[in-house]
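Colleague: Sequence and predicted model, in that order:
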Amino acid sequence: MNYPEEAYQTIKNSLPNDVCLVAVSKTQPIESIKKLYEIGVRDFGENKVQELSQKAPMMPKDTRWHMIGHLQRNKVKQVLPLVHLIHSVDSSRLYKELLKESEKQQIVVGILFQIHLAQEESKYGFAPEAFREFIQKEVLFDHPYIKPRGLMGMASLTEDNARIESEFARLKQLFEETKPEAGAGWKTVSMGMSQDYGIALNQGSTMLRIGSQIFGSRQY
C-alpha cells in the first residue's frame with residue numbers, strides 16, 4: 001500500500017529549503033489530497049480545468065492550485081478564479097487572453113512561460129528563440145493582474161540522462177538570460193517530474209512537479 005504522506009515527506013526532506021514541491025494530484029481522489037493537506041501540503045498540480053473545477057471547492061481556500069497542463073484559451077475564464085500559478089503559458093495568444101480576462105475579472109495570478117525543450121513534437125511551448133523575441137516585444141512586467149514568475153519546461157521522455165540534462169540546462173540558461181528584462185518577480189524555474197527531478201535539481205530547478213513518486217501509479 002502506498003502512503004502519499006510518507007512519500008511526500010521523504011522527497012521534501014531531501015530538497016533544499018528554497019525548492020517548492022508541487023504534488024501533482026491529477027486523477028487522484030480528493031481523500032488523498034486532503035491527507036496531504038492535513039500534514040501541511042498546500043501546493044497541488046492539476047492538468048485539466050474540468051477536474052480542477054471539481055476539486056477546488058472541496059478543499060480549503062488556502063490551497064494553492066497549480067495549472068500544469070495545456071490550457072486552451074476558451075478555458076481561461078473558468079480557470080482564473082481557481083489558480084495560484086499557471087505553468088503552461090505556451091503562446092502569445094494565450095498570454096493576451098489571460099491579460100484580457102484577468103482585467104475583466106480583476107483577478108491577480110502568477111504565470112510561467114512554457115518553453116519547448118523536448119524532441120517530441122507533442123510537447124507545447126515557445127521555442128527558445130521565439131520566446132526571446134516575444135519578451136522583447138511585450139511589456140510583461142507592469143501588468144496589474146498577470147504576474148510573470150519564470151519559466152517551465154518538460155524534458156524528453158528518454159533514458160538518455162545526458163539529453164535530459166542538456167534540455168534542463170538550456171531552460172535554466174534562458175531563464176538567466178531573460179532575468180534582466182524580467183525584474184524582481186522572475187524567480188521560478190519549474191522543471192523536474194517523478195522520473196527526472198534529480199537531474200532538474202542539479203540544473204537549478206526551483207519548483208518540482210511530482211505525482212507518481214508521491215501518490216503511486218495513477219488510476220485512470
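Modeller: The structure has been received and is ready for your questions.

Colleague: Lowest average confidence across helices and strands of this structure, where is it?
Modeller: Sorted by mean pLDDT, DSSP states H and E, the helices and strands of the chain end with helix 128-137, the least confident at a mean of 90.

Colleague: So for whatever helix or strand comes next after that one, mean pLDDT?
Modeller: Next helix or strand after helix 128-137 toward the C-terminus (DSSP states H and E): strand 146-153. Throughout strand 146-153, pLDDT has a mean value of 96.

Colleague: Backbone torsions only: list them for Ala169.
Modeller: phi -60, psi -40 (degrees, to the nearest 10).

Colleague: Tell me where the protein has helices.
Modeller: 4-13, 30-38, 49-55, 76-79, 92-105, 128-137, 161-182, 197-202, 212-215 (DSSP state H).

Colleague: Out of these, which one sits most buried?
Modeller: helix 212-215 (a mean of 21; mean count of other CB atoms under 10 Å). Where C-beta positions appear, they are placed from N, C-alpha and C, glycine not excepted.

Colleague: average pLDDT for that helix?
Modeller: 96.

Colleague: before we move on, what about stretch 179-192?
Modeller: The average pLDDT within stretch 179-192 is 90.

Colleague: what's the straight distance from one end of it to the other?
Modeller: 20 Å (CA to CA, to the nearest Å).

Colleague: Show residues contacting that stretch.
Modeller: With contacts defined as CB atoms under 8 Å, 6 or more residues apart in numbering, stretch 179-192 is touched by 20, 22, 85, 87, 112, 135-136, 140-141, 147-155, 168, 171-172, 175, 178, 198-201, 203-210.

Colleague: what do you get for stretch 41-59?
Modeller: Stretch 41-59 has contacts (CB under 8 Å, 6+ apart) with 8, 20-27, 30, 33-34, 36-37, 62-72, 75, 78-79, 82-84, 87, 209, 211.

Colleague: May I see the PyMOL selection of the buried members of the residues you listed?
Modeller: Per 16 or more other CB atoms under 10 Å, the buried members of these correspond to this PyMOL selection:
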select buried, resi 8+20+21+22+23+24+25+26+33+36+37+63+65+66+67+68+69+71+75+79+82+83+84+87+209+211
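
Colleague: any idea which residue sits dead centre in this protein?
Modeller: For the chain, the residue sitting closest to the mean C-alpha position, by CA atoms, centre = their mean, is His87 at 3.5 Å.

Colleague: Tell me who's in contact with that one.
Modeller: Residues near His87 by CB under 8 Å, 6+ apart: 45, 66-68, 112, 114, 152, 190, 209.

Colleague: Recalculate using a threshold of 10 Å.
Modeller: Listed by CB atoms under 10 Å, 6 or more residues apart in numbering, the contact partners of His87 are 22, 45, 47, 66-69, 71, 110-114, 149-154, 188, 190, 207, 209.
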